[in-house]
Structures are given as structure tokens and as C-alpha cells.
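In: sequence unknown, structure follows:
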């Protein structure tokens, strides 16, 4: 078992990574703040891991809320189901919420914990690769709005994150790939050597080889923990974690939440970020090729759906949280392992990237 | 003009109190974080003060959201109207929300500001006595749930609070009285001399004599600011600000939001707290009489509606935020000017207070 720490002063917390952690009750016991626990999960995860998770909290009064599964349910209406349950079961503000599931469950449970009685404790038990390497760490919580992803939310850090890598064995291949998109992101923004490791080991990772999985999750969480420690509320460097996300959110919003997996949209978005960086002359074409090839080997999309069109794309991106006073800021790259936030790109290049066919076909 | 400060380190802010402040654009300009401003108000306040408030922000891009008026609309659905407007008008996370209205508008606007893009700036311009002396200061924001008041919310401090006492001239008498309930509360919990001043000046205050109003608001805000500075997130002393509120919330929830004004329910609740304190032998009957008399002179109710009944009352109070691991904690009094939080009251006394007729009739 590996233990990492997200250093945030009095809000610091541990991330435990390993096999069989869903049997290790001692890891969670000290992080429950009162007697009450509410496990929030979904219809897909509950049959697989709910009983073991309940056993993990057998010394406490446990309630359970099972939500429908899917990004299309990540909204205020579904959040209200959690509040209904908390109030009907008389949970006090000393209760502890436990998120058992993927990123949608983690984001919604965390946001419910941020708002219930103005803030209660919560524990992340992510069961998808994407949530294990990304959304369970860092305290970003929230729900979607029909006009934009994650537009309503809060920063609310968990008390502990328990990553049992065994849970990946029940994860559909498509979701494994979606998680790998975020893993690749860490290589692209901060760690060229990790990107090279991924180029050598991507098939092992896709096959869920335990050593490869453990290493990829550890490096990813370490990167995320460092960036979050530097900049908890995204005043600066944390924004680079959004490489590919502004493009990706537009794809997700246009297609309807749940049609494209988040990681798939981010994969296409990272190619678009690389493409725009290249058109600006900041990234060379070899690096763009390496990005595309690694994503393709991971069975991930490398272009947005043609149907969106440039004008619709621009409109969708203009409501992104990276827009400040009307100016769109994007995470772009200068080389593999180095990303930065900028608004200083040519609009002609930006539009060419959004139409995107010529450049991608050339590679 | 008076200026008070709520001392909260980097989240400190000023409260300005005086006549004609809605004409003083220089008080707000430095507190707007970007170019965009969204004024949130309601159908009652908009015809009275919206134009002047827009003029106050004439150097910025101003949008307006007008909500229906009333506690019954303080819920997630109404909150969503604010999010819809913010997104449709393309407000970025550098936007500033302005709450123009009473406590419902302030609480909802503050909560919208806490959650929109995970947190944006906001300014409080309270226009009712109750919001001027209580809810606009201290950063408690939120909405109601059918099962409990203010159950969903966040701590989110404003950048500045502008109290233009001229706005009270358009306030219905019933709402002036409701505000006076919270003013009396400050005397009861921390300031016996202020309670005595109120006993001497209550008619002037009800008649909105400018000097009496200015003094009562200043002392109230000063008390609130001190308590909040000591305990921002209500880990301890801040709870005494809830004198009468746990009883009062039960009345509001039972009667249906909007039937009883918040201040009216708090008034009845403070009598119940005094009654229970007296039954415990902690407060003498003379003090209970003084509490009841001052509230009666303020045209406020001094008992809960009989229809609620003891069992329903207990059930409603058991979902209050003051319940920790199943134990109800209440703010009670040892004398006028001294309150404390306790769970150590006899359940027989508690039930007698909830049925309440004998003790009150005796006085």
C-alpha cells in the first residue's frame, strides 16, 4: 500500500493506494467525525461494492443513498435526493458522507457534503480509474448546469481518499480508457519521463497489469496532490490540470451529458490543445504526433465530432470557467511535459483548430 | 455614517451604516472584482430601489435577476433561476453578485455566489431591518428544504455590507417588528444595558426615529460582528446567536415557509427559551416577564401556535442543525444579557415548554 499526502495545512489529508483496501476498516475509522455515515453510490456500483463498504463502517450508523448512474444525472435534482435522504434519516452536521463510485458520485457527494448544514465531513472511495487519478483528489466538487459543466459547486476537501485498485477489475474497458486520458494528461503537463513510461507501458496499463496500474495511479495522484497543494483554489498553476478540458467540456455539453465519457472528451480536447499550440508555433509536430498516437493506442478519440461546427464550439467554450471578463484562456503546451495558461493565441489559429480537419489529417 | 469591521483575517470586511448610502457609489466600487455585476432582488424591492442600485454600479456591466418575494421561494428551484441568468448572461468567475433585499434575497444570493463556478464575490445591500441587523452580516448563506430551514448552504462572507437606513421607510410595520425581534435578541444574549435601552426606547424604534434606528442597528451589527469574528463557522460561541431559532424554525417549517415571518417565529421561540430556562431554575420569572413584555410592546407573538402540539414540535426540532448525534442542544439564558448552549435540560421541562400554556398564563 502507498500513502500520499495532499498538503493543505489543517485541511491536509492522506490518499491510500493499494489492492484490497476495501477490507481495511482501520484506514477509515479515524476519519469519521460522528456516529452517522451516509454512503452515496449508484445503481451500477452498489451491487458490486456496497456490502463491503458498509462492512468497512460497521462500527457506525450507516445510511445509504443509491443514485442513478451517469453524467446526465449530475445535476441539482439528483443532489436533492441526497439532501432528502440526509434529512429523512436525521443526519446531523457531525455526519460523514462517503462517496463510493466514479467521478460523478464523488463530485456530487462532495458537493452535498459542502452544502449540507453548511458543510460536513466526507470520504472518497473512487472505483473508476478516472476518479482515482483525478476527481477524488483536490476538493473540486459540483454539479452540471444545462449551459455548462461543473458550473455549480464548491471547493471542499475530503478527509481521506481510499483507492482500492481491485475495483478496476469490474470496470468496462471504455471507462478504463477514459481514465487513461487523465493519466496521459499528467505526463503532458508536468512529467515528460512519465509520458515516455506510458509510451512503453500503455498496453500493460490497458490490460490492468497490477504493477503498471499501481505505478500510474501513484504518479498521477502525486502530480495532482502537488499542484493542488500549491494552489488549492485555482488562482494560478492549478489551471494547467485543465489541459484539454475547455474543449472537452464543450464536446460534453453539446453531445448531451453522458454521451461521451469525460475522459474521451478530454482526450479529443488535448489533441485540440496540442494542435492549437502547434499552429501557434509553440509545440513541434513530432510532439503533436506522439500525443495523438498514445491516445489512439489507448482506444481514445482524437478529434471532436464534426457536427459541432466552429460557431457552436466557440459559443460553448465562452461559458467555460476559464473565461475571465469575456476573454477565453486555454491551457496550451510548449513541449511534452510543459503546459501553461494563455489567452494570447491567434483567433484564426483557434478557429482552424475548431474546424480541425486539415492539421489532423496531415499527421 | 458609521463603519464597522468584521475581523476575519483575509476575509475581513466593512459594514457601512447610514442614511442615503444608496447614492454613495464610492463605497462599493472597490469591492467589485471584475467588470460584471449581477444584482439579485425581488418583485417587491425592485420597483423601490433597483434603479438607484443600478446607478450605484454604473461603471460596470450590470445584469439583474428579479425573484419572487417570500420565504416560500427560498429553495433550490429559485436558486437555479439565478444560475440560469448568470450563465445566459455569460458571467465569469470574476463576476460580483449584489444582494438587494431582505434576508431571503441575501441568503440566496450569497449561496449562489458561494456555488457559482465554485465561488464568486458578493455584496450585501440589505433593505429590511431584520437583514440589516442579522443575516447580511456573518456569511451564513443558504436555502430551505421542505424538511428544515437553511439546511442547504455555505459559509461565504460578503466583500462589503451597505446598510442604507432610509430603505426602512418603505418597510411594512409587520416587518419592522420582525426585525426588532432580532435586535432584542442581542440584548438578551450579550448586552443587558442594550436591553434596558430597548425597554426605554422601543416606541421610538418602532416609529423609525432615525437616531434610535441608527443606534439599534449599530449595536446589533457590532455584537454580531464580534461574535462572528470569534467563531466564523459556529464551532462554539456563535451558536448563541440562535437564541429562539430552534423553536422558531420548527414553527416556520410547520406553518409553511412565509406564513410566519422569521422574526415573529424567533420572538415566540425566545419566549419558549426563556420559559424553559425558567423551568430549569436558571432564569428568574421577573426576567421572563421582561422578555415577554418587551416583545409584546413590539407587536410580536409570544407563543407558538397551539395547533403544532408537543409531538410534532419535538419531531420538527430534531432535524435542526443544533442536533448532534441525536442530542438536541438549545440556547438558554441565565439572565438577561447572558446565554449559553446546553443539552442538559429536563425532558419534562422541555415538554412543558412545548405545551407551554400554564407557565405563560401565570405571568
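Out: Now that the structure is in, tell me what you want to look at. Keep in mind the model is a prediction, meaning the values are calculated, not measured.

In: helices and strands around the strand or helix carrying residue A:333, which ones?
Out: Assigned by DSSP states H and E, residue A:333 falls within strand A:330-335. Counting contacts by 3 or more C-beta pairs under 8 Å, 6 or more residues apart in numbering or on different chains; DSSP states H and E, strand A:330-335 packs against helix A:173-190, helix A:245-255, helix A:262-279, strand A:338-342. All C-beta atoms are positioned from the backbone trio N, CA, C, and that covers glycine.

In: of those, give the one that comes closest to chain B.
Out: Closest approach to chain B among those (C-beta to the nearest C-beta): helix A:245-255, 10.9 Å.

In: is any residue of that closest one near chain B?
Out: No: shown here: helix A:245-255 not in contact with chain B (C-beta under 8 Å from any C-beta of the partner chain), separated by at least 10.9 Å.

In: give me the angle between that helix and helix A:262-279.
Out: On the basis of axes from the mean of the first three to the mean of the last three C-alpha atoms, to 10 degrees, helix A:245-255 is oriented at 130 degrees to helix A:262-279.

In: who touches helix A:245-255?
Out: With contacts defined as C-beta atoms under 8 Å, 6 or more residues apart in numbering or on different chains, helix A:245-255 is touched by A:71, A:147-150, A:259-260, A:262, A:265-269, A:272-273, A:304-305, A:308, A:312-313, A:316-317, A:320, A:322, A:328, A:330-331.

In: okay if I get the helices and strands packed on strand A:330-335 as TSV plus mean neighbour count and mean pLDDT?
Out: Output for the helices and strands packed on strand A:330-335, formatted as TSV (neighbours: other C-beta atoms under 10 Å in any protein chain shown; pLDDT from 0 to 100):
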stretch	mean neighbour count	mean pLDDT
helix A:173-190	24	97
helix A:245-255	24	94
helix A:262-279	27	97
strand A:338-342	18	97
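
In: of all these, which lies closest to residue A:93?
Out: Among the helices and strands packed on strand A:330-335, the nearest to residue A:93 by C-beta to C-beta is helix A:262-279 (31.2 Å).

In: can you list the buried residues in the helix ranked longest in chain A?
Out: Of all segments of type helix in chain A, defined using DSSP state H, the longest is helix A:210-230. For helix A:210-230, a neighbour-count test (16 or more other C-beta atoms under 10 Å in any protein chain shown) marks A:212-225, A:227-229 as buried.

In: pLDDT averaged over it - what is it?
Out: Per-region confidence: helix A:210-230 scores 96 on mean pLDDT.

In: same deal with stretch A:5-23?
Out: Averaging pLDDT residue by residue across stretch A:5-23 gives 96.

In: quick check: residues of the stretch 251-363 of chain A near chain B?
Out: A:318-319, A:321, A:323-326.

In: report the buried members of those.
Out: Those of these that meet the buried threshold are A:319, A:321, A:323-324, by 16+ other C-beta under 10 Å.

In: need these in CSV (columns: secondary structure).
Out: Putting these into CSV (DSSP: H, G, I helix; E, B strand; the rest coil) gives the following:
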residue, secondary structure
A:319, coil
A:321, coil
A:323, strand
A:324, strand
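
In: closest to residue B:284 among the residues you listed?
Out: Residue B:284 has its nearest neighbour among these in residue A:321, at 57.6 Å by C-beta to C-beta.

In: tally of neighbours for the closest residue to that closest one other than its chain neighbours?
Out: Nearest in space to residue A:321, with sequence neighbours left out and distances taken as C-beta to C-beta, 6 or more residues apart in numbering or on different chains, is residue B:117 at 4.9 Å. Counted with other C-beta atoms under 10 Å in any protein chain shown, residues neighbouring residue B:117 total 25.

In: and residue A:155, by the same measure?
Out: 18.

In: and the nearest residue to it once chain neighbours are set aside, how many residues sit next to it?
Out: Once flanking residues are discounted, residue A:155 sits nearest to residue A:139: 5.0 Å by C-beta to C-beta, 6+ apart. Residues near residue A:139, counting by other C-beta under 10 Å, number 22.

In: go on, the one 5 residues further on?
Out: Around residue A:144 sit 24 other residues, with neighbours defined as other C-beta under 10 Å.

In: residue contacts, it?
Out: Shown in contact with residue A:144 (C-beta under 8 Å, 6+ apart): A:71, A:74-75, A:150-152, A:257.

In: how about a cut-off of 6 Å?
Out: Taking C-beta atoms under 6 Å, 6 or more residues apart in numbering or on different chains, we find residue A:144 in contact with A:74-75, A:257.

In: and the helices in the stretch 1-150 of chain A?
Out: Under the criterion DSSP state H, counting those that start in this stretch, the stretch 1-150 of chain A contains helices at A:26-29, A:46-56, A:76-88, A:103-115, A:129-130.

In: and those helices: which comes nearest residue B:38?
Out: Among the helices of the stretch 1-150 of chain A, helix A:76-88 comes nearest to residue B:38, with 18.7 Å by C-beta to C-beta.

In: wait, doesn't residue A:66 sit right on residue A:46?
Out: Yes: under the criterion of C-beta atoms under 6 Å, residue A:66 makes contact with residue A:46 at 5.0 Å.
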